[in-house]
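J.: Dropping a prediction and its sequence here:
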Amino acid sequence: MGNRLSKIATRTGDKGTTGLGDGSRVDKDALRVHAMGDVDELNSHIGVLLCEDLPEQMQRELVSIQHDLFDMGGELCIPGYTLITDAQVARLDALLAHYNADLEPLKDFILPGGSRAAAIAHVCRTVCRRAERAIVSVGKAETINDHPRQYMNRLSDLMFVLSRVLNRYAGGSDVLWEKERQR
């Protein structure tokens, strides 16, 4: 893994480049850097979600996801390096099955909202989708592993499901889209 930062204000990025974990320098607007930033932003939003009243098990799972996202940032930062595995993707599949088990099937679209925690989970979902798109773009331009893209795809689904669970945890329900509302 790359060097640990002992000094934060390095000034090495003043000319619009940043260092990757392998020592190479790339433009700060490179596809890989966009993907790294989107993953970092998602991790930060999950940190905000963790400030809310959540079931204890869900809190532990979200902290574990934060660690996975840090690993993903490392994988994206070091071309050719692998940190995200089948096991991490499978863990998200298991969480999806667990949390989906008690939810009613959706018959209508839902709006992002309800409880504050559910709304934040929806923000996490949308940032996750953006990060997934960024990872897809990197994969079109460079060779990267499949697991980061798969992980983000599952995680965005999980954040949607968690938003529904969190609305119920708060004593509410989904906010349904009213297709026949007065305009």
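T.: Happy to help now that I have it. Numbering: from 1, shown residues only.
J.: biggest helix in the protein by residues?
T.: With DSSP state H applied, the helix covering the greatest number of residues in the chain is identified as helix 116-141.
J.: contacting residues for Asp157?
T.: Leu96 (C-beta atoms under 8 Å, 6 or more residues apart in numbering). Yep, even glycine has a C-beta here, placed from its N, CA and C like the rest.
J.: Next one, pLDDT for it please.
T.: Taken from the predicted model, the pLDDT recorded for Asp157 is 98.
J.: just to revisit the earlier point, how about the longest helix of the chain: buried residues?
T.: 117-125, 127-132, 134-136, 138-139 (16 or more other C-beta atoms under 10 Å).
J.: Buried ones in stretch 87-103, by neighbour count?
T.: Judged by neighbour count (16+ other C-beta under 10 Å), stretch 87-103 contains these buried residues: Gln88, Val89, Arg91, Leu92, Leu95, Leu96, Tyr99.
J.: typo on my end, it should be stretch 34-47
T.: Buried positions in stretch 34-47, judged by neighbour count with 16+ other C-beta under 10 Å: His34, Ala35, Met36, Gly37, Asp38, Val39, Asp40, Glu41, Leu42, Asn43, His45, Ile46.
J.: Can you tell me what sits against it?
T.: 62, 65-66, 69-70, 72-73, 76-77, 120, 123-124, 127-128, 130-131, 134-135, 137-138.
J.: try stretch 96-115
T.: Residues lying outside stretch 96-115 but in contact with it, judged by C-beta under 8 Å, 6+ apart, are 118-119, 122-123, 125-126, 154, 157-158, 161-167, 169-170, 172-177, 179.
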